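In: Here you go, sequence then predicted model.
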Amino acid sequence: MNLFQLGIKQEQYDYFNEHYTANFQLGRISFVAQNHFKATMIDREIKAEISQKLVLNDSVPAIGDWVVLNQIDDFYLIVDILPRISELKRQSKKHETLNQYIATNLDEVFVVMGLDGDFNINRLERYITQIIESRAYPVVILNKMDAVEDYMDKVNLVQERIIDIPVIVTSVIKNINIEKIKDRFYEGMTATIVGSSGVGKSSIANKLIGKEQLKVNETRENDSKGRHTTTHRGLYLIELNGIIIDTPGMRSLSLSTDIETVQNSFEDIFELAKNCKFNNCSHKDEPGCNVQDAIENGELDELRFNNYLKLLREVAHSESKTSKKASSDMKKVWKKQTKQNRNRNKVKY
């Protein structure tokens, strides 16, 4: 195995060689639990601690990160994090202005949604918006086709709403179309699987890995809800032909993105809006609204448009919170500096 099979990109490798000597080593974060880290290297997996400099800079590695390691005997210290090619994150539940990293350095993100009681297209569009923000490529997996008689009706709904994104319909239990997922992998590719609890993420990952590496729990039949099988994130090899990162199920995904990304995710609506009569059209009841015309003639799904507006409002609210937090922090800095200047200018007699 080499570093490129582990998923490093050429620009990351060049950065390491430019900034570090041969005394340092590279590893990829494979496990994170509070302040405990594991990193996969070419020939082994090691435990490592983070340097004080990274802690002070609030630069904590996430799973998937490439890190620079300084080895002292059997002790490994993480001294730097290589620039990321992608960052999949969500807004923290506790702190609206902070982000929680799900995984980094991803090429593709598989969004798994059950065709049973888990089915929710609005949530699916939310995931895709965040994945586009991350700079990774989204792929939709509709699982549990064996559990629903009219599953093609739901598949057609997804394909009407989700534009220009691959959709794979699977049954993990009956091993249907799992190979279509596996065929997407190539040497050095990194993917992760996201979705609600109980949709089959760990089962799909086990199929890709080729063994029962990850624990799987049954889904409750009465509401199709699942328990949180995966409680931490892990990085696993797929027969030296790619990397899969397993993540905990998410009951919700608070967006960590901007308005431009939402518009890019709903490019069909954004393009329609360009041809409205008024530049500041709200797409409600103005004359000459191209978006409303598209809804009336069946060119645009009204539910998709409503979800687009909902995500725009959420992002605008989040940006407002972030702006207020930044303003508050800046005021504190100014207040501190003003106090220091006053004390410095005092004349003692």
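Out: Received it, and whenever you're ready, just let me know what you need. Small disclaimer: the values here were computed from a predicted structure and weren't measured.
In: mind listing what's buried in stretch 70-79?
Out: 70, 76, 77, 78, 79 (16 or more other Cβ atoms under 10 Å). (C-beta placed from N, C-alpha, C; glycine too.)
In: what does that stretch contact?
Out: Under the criterion Cβ atoms under 8 Å, 6 or more residues apart in numbering, residues 23-25, 27, 37, 39, 46-51, 53-54, 61, 67-69 lie in contact with stretch 70-79.
In: switch the cut-off to 10 Å
Out: When contacts are defined by Cβ atoms under 10 Å, 6 or more residues apart in numbering, stretch 70-79 is touched by residues 20, 23-25, 27, 29, 37-39, 41, 46-54, 59-61, 65, 67-69, 80.
In: re the thing from before, closest to residue 205 among the buried residues of stretch 70-79?
Out: Residue 205 lies nearest to residue 78 out of the buried residues of stretch 70-79, by Cβ to Cβ, at 25.9 Å.
In: quick one: strands adjacent to the host helix or strand of the closest one?
Out: Residue 78 belongs to strand 75-81 when assigned by DSSP states H and E. If you go by DSSP bridges, strand 75-81 pairs up with strand 45-50 (parallel), strand 66-72 (antiparallel).
In: Can I get the first one as PDB, trimmed to CA atoms?
Out: Put plainly, it is strand 45-50. What follows is strand 45-50 as a C-alpha-only set of coordinates in PDB (Å, rounded to 0.1, in the frame of the first residue of the first chain):
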ATOM      1  CA  GLU A  45      -2.300   2.200  12.400                       C
ATOM      2  CA  ILE A  46      -1.000   4.300  15.300                       C
ATOM      3  CA  LYS A  47      -2.400   6.400  18.300                       C
ATOM      4  CA  ALA A  48      -1.500  10.000  18.300                       C
ATOM      5  CA  GLU A  49      -1.900  13.200  20.300                       C
ATOM      6  CA  ILE A  50      -2.400  16.700  19.000                       C
END
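In: contacting residues around residue 274?
Out: Contacts of residue 274 by Cβ under 10 Å, 6+ apart are 290, 291.
In: how far is stretch 58-76 from where the chain is centred?
Out: Distance of stretch 58-76 from its chain centroid, counting by Cα atoms, centre = their mean, to the nearest Å, is 22 Å.
In: I misspoke; the intended subject was stretch 4-15.
Out: Per Cα atoms, centre = their mean, the centroid offset for stretch 4-15 relative to its chain is 20 Å.
In: CA atoms only: put that stretch into CSV for me.
Out: Extracted as CSV, the C-alpha positions of stretch 4-15 are listed here (Å, rounded to 0.1, in the frame of the first residue of the first chain):
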residue,chain,number,x,y,z
PHE,A,4,-2.1,7.5,-2.9
GLN,A,5,-4.0,4.2,-2.3
LEU,A,6,-4.9,5.7,1.1
GLY,A,7,-6.4,8.7,-0.7
ILE,A,8,-3.8,11.5,-0.6
LYS,A,9,-4.0,13.8,-3.6
GLN,A,10,-0.9,15.0,-5.5
GLU,A,11,-1.3,18.6,-4.4
GLN,A,12,-1.4,17.5,-0.7
TYR,A,13,1.7,15.3,-1.2
ASP,A,14,3.5,18.2,-2.9
TYR,A,15,2.5,20.5,0.0
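In: What residues of that stretch count as buried?
Out: Result for stretch 4-15 [16+ other Cβ under 10 Å]: buried residues 5, 6, 7, 8, 9, 12, 15.
In: Name the nearest of the residues you listed relative to residue 88.
Out: Using Cβ to Cβ, the buried residues of stretch 4-15 come closest to residue 88 at residue 7, 14.3 Å.
In: Report the separation between that closest one and residue 110.
Out: Going from residue 7 to residue 110 by Cβ to Cβ, to the nearest Å gives 16 Å.
In: Kindly report the same for residue 172.
Out: Taking Cβ to Cβ, one finds residue 172 at 13 Å from residue 110.
In: mind listing the strands for the stretch 201-349 of the chain?
Out: For the stretch 201-349 of the chain, the strands defined by DSSP state E, counting those that start in this stretch occupy 234-237, 243-246.
In: Also the stretch 1-150 of the chain?
Out: For the stretch 1-150 of the chain, strands defined by DSSP E, counting those that start in this stretch occupy the ranges 25-33, 36-40, 45-50, 66-72, 75-81, 87-91, 99-104, 108-114, 137-143.
In: I'd like the domain boundaries of the protein, if you could list them.
Out: Per the record, the chain has its domains at 10-81, 87-246, 259-322, by automatic domain parsing.
In: and of these, who's closest to residue 1?
Out: Set against residue 1 and scored by Cβ to Cβ, those come closest in domain 10-81, at 5.6 Å.
In: what's across from the residue nearest the centre of the chain in the sheet?
Out: Ranked by distance to the mean C-alpha position of the chain (Cα atoms, centre = their mean), the top residue is residue 88 at 2.7 Å. Beta bridges link residue 88 to residue 103 when assigned by DSSP bridges.
In: So, low pLDDT: which residues of the stretch 1-150 of the chain?
Out: 92-98 (pLDDT under 70).
In: Could you rerun that using 80?
Out: The stretch 1-150 of the chain contains residues with pLDDT under 80 at 34-35, 91-99.
In: follow-up on the earlier one: for the strands of the stretch 201-349 of the chain, state which one has the densest average packing.
Out: Counting by mean count of other Cβ atoms under 10 Å, strand 243-246 has the highest mean neighbour count of these, with a mean of 25.
In: what's the average pLDDT for it?
Out: If you average the pLDDT over strand 243-246, you get 90.
In: Perfect, I'm done here.
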